[in-house]
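Engineer: I need the structure of the sequence given here:
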Amino acid sequence: MSAPTHFQTHADGLYVIDTGFERDLFDAAYLLVSPEGRAAFIDTGHNAAVPRLLATLAALGLRVEAVDWVIPTHVHLDHAGGAGLLMEQLPNARALIHPRGARHLVNPLALVEGARAVYGAEVVKATYGDIRPIPAERVVESHDDMTVQLGSRALRLIDTPGHARHHHCIWDEASRGWFTGDTFGISYREFDSAAGPWLFPTTTPVQFEPAAMRVSVQRMLAAQPQVIFPTHFGPITALDRVTAQFNALLDTFESGGLALRETLQREGRYGDKAAVEDALMAFMQRELVASALASGAPLDEARARELLRLDATLNAQGMAVWLAKAG
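Structural biologist: This next block holds a predicted model:
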């Protein structure tokens, strides 16, 4: 039987799993293994990813009993939708969850309702399936600057709002890397060029906070990481390059969004939700595609626009929420 192709080895004891969500190379889960053979998953993808996660364990010769931790970076369903189903297969694992998100994985009703509000009930059902609860007694809530052990491998967690207030990021000293979820942006491999990767901030609903996002990223950079592991998608080592891209686009999103709100207010259209979202969507598409192509991405404008359509839509929705609250 051929070896599974859904995961790659990044380094000894660190594996990148393509969850298959949306398209190839879109959504990652990470498997860490200590020298003693103890294992942890960081992010899980959706329910349909669980067979891939379990197959990765099997391919590495690990039993389900070896998994000590399941650690969603936050509780958005592309990161944690499969956590409950996965936990049912891992008898020794505990789920390490941000305190603002833990209750939503113990009782996923509000989480599912929130996703329905963004995507629609039919899409949520078809995409994510039946979100399984995690028993409360198997949940550990994280706190800022917390350290947990994976055998002899230490994992440090910090509170990282900006994308979501229920977001923590995980520092792995062994790789000198941060598992950044969505706080430190998104980087798709289709946009890689000879000059390097391209990365952009995500402003998706409903807790985008640019000032908090900047602080969170600076806290991570203060550790002088050698690599970051965003969920979308895979390891990035060109940190000076992507940090500059991230900061420039975050500034553009913030200032451009505020200017657009002022224009719509002056024109008497800011009270029209559809007009606001259409204007923000056009703004996001324009800025994202322009930045990607300027970075050297080996794609034409039409293909870049196609690959970024979902992100532009969600970013526009999140910007609308933020602008309604921003001073």
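Engineer: secondary structure class for residue 69?
Structural biologist: Using DSSP: H, G, I helix; E, B strand; the rest coil, the structure places residue 69 in strand.
Engineer: what about the residue lying closest to it once chain neighbours are set aside, neighbour count?
Structural biologist: For residue 69, ignoring the flanking residues on the chain, the nearest one in space by C-beta to C-beta, 6 or more residues apart in numbering is residue 40 at 3.8 Å. For every residue, glycine as well, the C-beta is placed using N, CA and C. Residue 40: 25 surrounding residues under other C-beta atoms under 10 Å.
Engineer: Now for residue 154: which residues touch it?
Structural biologist: Going by C-beta atoms under 8 Å, 6 or more residues apart in numbering, residue 154 touches 147-148, 173.
Engineer: can you do 7 Å?
Structural biologist: Contacts for residue 154 (C-beta atoms under 7 Å, 6 or more residues apart in numbering) come out as 147, 173.
Engineer: Likewise for the one 3 residues further on?
Structural biologist: Counting by C-beta under 7 Å, 6+ apart, residue 157 makes contact with 142, 146, 168, 170.
Engineer: try 10 Å this time
Structural biologist: Residue 157 makes contact with 71, 73, 96, 98, 142-148, 168-171, 179, according to C-beta atoms under 10 Å, 6 or more residues apart in numbering.
Engineer: List just the nearest of these to residue 45.
Structural biologist: Nearest to residue 45 among these: residue 73, at 11.8 Å, using C-beta to C-beta.
Engineer: need the contact list for the closest residue to the closest one other than its chain neighbours.
Structural biologist: Closest residue in space to residue 73, ignoring its immediate chain neighbours: residue 181 at 2.9 Å, by C-beta to C-beta, 6+ apart. By C-beta under 10 Å, 6+ apart, the contact list for residue 181 reads 42-43, 72-74, 76, 79-80, 98, 160, 163-164, 167-170, 202, 229-232.
Engineer: All the strands of the stretch 1-150 of the chain, in order from the start?
Structural biologist: 7-11, 14-18, 28-33, 39-42, 67-71, 94-97, 139-141, 146-150 (DSSP state E, counting those that start in this stretch).
Engineer: wait, which of those is closest to residue 284?
Structural biologist: Comparison of those against residue 284 by C-beta to C-beta identifies strand 28-33 as nearest, at 23.1 Å.
Engineer: Would you mind writing the CA trace of the closest one as PDB?
Structural biologist: Extracted in PDB, the C-alpha atoms of strand 28-33 (Å, rounded to 0.1, in the frame of the first residue of the first chain):
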ATOM      1  CA  ALA A  28      -3.800  22.600   7.900                       C
ATOM      2  CA  ALA A  29      -3.700  20.700  11.100                       C
ATOM      3  CA  TYR A  30      -0.400  20.000  12.800                       C
ATOM      4  CA  LEU A  31       0.800  16.900  14.600                       C
ATOM      5  CA  LEU A  32       3.600  17.200  17.100                       C
ATOM      6  CA  VAL A  33       5.400  14.200  18.500                       C
END
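Engineer: Now tell me which helix or strand of this structure has the poorest mean pLDDT.
Structural biologist: Within the chain, no helix or strand scores below helix 109-119, which has a mean of 82 by mean pLDDT, DSSP states H and E.
Engineer: okay, now the domains of this protein?
Structural biologist: By the assignment in automatic domain parsing, the chain contains the domains 7-239, 242-325.
Engineer: now the chain, which segments are flagged as low pLDDT?
Structural biologist: 1-4 (pLDDT under 70).
Engineer: Tell me where the longest helix sits in it.
Structural biologist: helix 239-266 (DSSP state H).
Engineer: ok now that helix, how far from the chain's centre?
Structural biologist: 20 Å (C-alpha atoms, centre = their mean, to the nearest Å).
Engineer: same check, this time on stretch 278-292
Structural biologist: Averaging C-alpha positions (C-alpha atoms, centre = their mean) puts stretch 278-292 20 Å from its chain's average.
Engineer: circling back: which of the contacts of residue 157 lies closest to residue 297?
Structural biologist: Ranked by distance to residue 297 (C-beta to C-beta), those are led by residue 179 at 24.7 Å.
Engineer: How about the closest one, nearest residue that isn't a chain neighbour?
Structural biologist: Nearest residue to residue 179, sequence neighbours excluded (C-beta to C-beta, 6+ apart): residue 170, at 4.2 Å.
Engineer: Bridged to that neighbour, which residues?
Structural biologist: residue 157, residue 179 (DSSP bridges).
Engineer: surely it meets residue 183?
Structural biologist: No - look at residue 170 against residue 183 with C-beta atoms under 10 Å: they stay out of range, at 11.1 Å.
Engineer: May I ask which helix or strand encompasses residue 306?
Structural biologist: Assigned by DSSP states H and E, residue 306 falls within helix 301-307.
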